[in-house]
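Let's see this in three dimensions:
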Amino acid sequence: MTAAKPAPQPGAEDLTENLRDRWSVSVFDPDHELADAEIRLLVEAARWAPSAGNSQPWSFLVLPRGSAAHSTFVPHLSRGNSGWVPRASAVFVAIAQVGVGPDGNGPKWSDYSHYDLGQAAAHLTVQAASLGLSSHQFAGFDHDAVAAAFGVPDWWKVMTGIAVGLHGDPAQADPRDAEREERERVRRPLEEIAFGDKWGTPWS
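Residues are numbered from 1 along each chain as shown. From the prediction side, this is the model:
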């Protein structure tokens, strides 16, 4: 197993460790398995994320590798994701509630459900990092087919997948997936995302 990539410089070196060392792993150890207790801890982290009015408009499909549910999901992956995603120890499919169900229940602040789901997903990945695990969030799969296969109601929207597992050996992976491990981590400069007096005027 290779070591995690160092933080990009400058800027990230002072972040808390689980954020500083975060990167989207594309090579997972295909033999590693998550214990039920670890999976529970990951979804508990998502459960305790903040949300508008405590509406908690999120749900997750939990798909450990080797499970029947995982086998149902994998055929719907895009070509680019079909090689590396199945090697992860588990996949969590993130789903947002976007409407009111037949029972009249629904998020009072549905305009924020996508935002809130994003926070829940982030909590899950930070908890994964604290367990020494890697994660990679992705959207390349047939969302409608997954919704149909798992019976997701119309008032919920399938959004993304989160692959979680142990970082594997790139030498034993498909060259295309291994190549992703070498890509430089870059971000837009703060001047382009943090504004002060007005839009487009950099803060600071």
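
residues in contact with the lengthiest helix in the chain?
Among the segments of the chain that qualify as a helix by DSSP state H, the longest is helix 113-130. Residues from elsewhere that reach helix 113-130 (C-beta atoms under 8 Å, 6 or more residues apart in numbering): 17-19, 21-22, 41-52, 55-58, 60, 92, 94-98, 107, 134-135, 137, 159-160, 162, 164. Placement of C-beta: from N, CA and C, glycine included.

Helices - which of the residues you listed land there?
17, 18, 19, 41, 42, 43, 44, 45, 46, 47.

doesn't residue 92 make contact with the fifth one?
Going back to what we said before, that points to residue 42. Yes: using C-beta atoms under 8 Å, residue 42 makes contact with residue 92 at a distance of 7.1 Å.

And the strands in the chain, which stretches?
Under the criterion DSSP state E, the chain contains strands at 58-64, 90-97, 134-138, 156-165.

picking that back up, can you list residues touching both of residue 42 and residue 92?
With C-beta under 8 Å, 6+ apart, residue 42 and residue 92 have common neighbours 124, 164.

re earlier: give me the buried entries from the contacts of helix 113-130.
Buried subset of the contacts of helix 113-130 (neighbour count, 16 or more other C-beta atoms under 10 Å): 21-22, 41-43, 45-46, 49, 51-52, 55-58, 60, 92, 94-98, 107, 134-135, 137, 159-160, 162, 164.

Provide a list of residues in contact with residue 144.
Residues in contact with residue 144 (C-beta under 8 Å, 6+ apart) are residue 158.

And for residue 32, nearest residue in space, chain neighbours not counted?
Take residue 32 and drop its neighbours on the chain: the residue closest to it by C-beta to C-beta, 6 or more residues apart in numbering is residue 166, 4.0 Å away.

how many neighbours does the one you found have?
19 (other C-beta atoms under 10 Å).

Same question for residue 198.
6.

so where's this protein shaky on pLDDT?
1-9, 106-109 (pLDDT under 70).

again, only using 50
Applying pLDDT under 50 to the chain flags the ranges 1-4.

before we move on, back to that, distance to residue 37 for the strands of the chain - can I get that in a markdown table?
Listed next are the strands of the chain as a markdown table, based on distance: least, C-beta to C-beta, whole Å:
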| stretch | distance to residue 37 |
| --- | --- |
| strand 58-64 | 12 |
| strand 90-97 | 13 |
| strand 134-138 | 18 |
| strand 156-165 | 14 |
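
Of those, which is nearest residue 12?
Nearest to residue 12, of all those, is strand 134-138, at 16.9 Å by C-beta to C-beta.

Give me the residues contacting the closest one.
Contacts to strand 134-138, defined as C-beta under 8 Å, 6+ apart, come from residues 4, 23-26, 28, 81, 84-85, 88, 121, 124-125, 128-129, 160-167.

ok so, going back, my read: the residue nearest to residue 32 touches residue 133, true?
Yes: between residue 166 and residue 133 a contact is recorded at 6.3 Å, counting by C-beta under 8 Å.

Can you check which residues contact both of these two?
Shared contacts of residue 166 and residue 133, defined by C-beta under 8 Å, 6+ apart, comprise residue 89.
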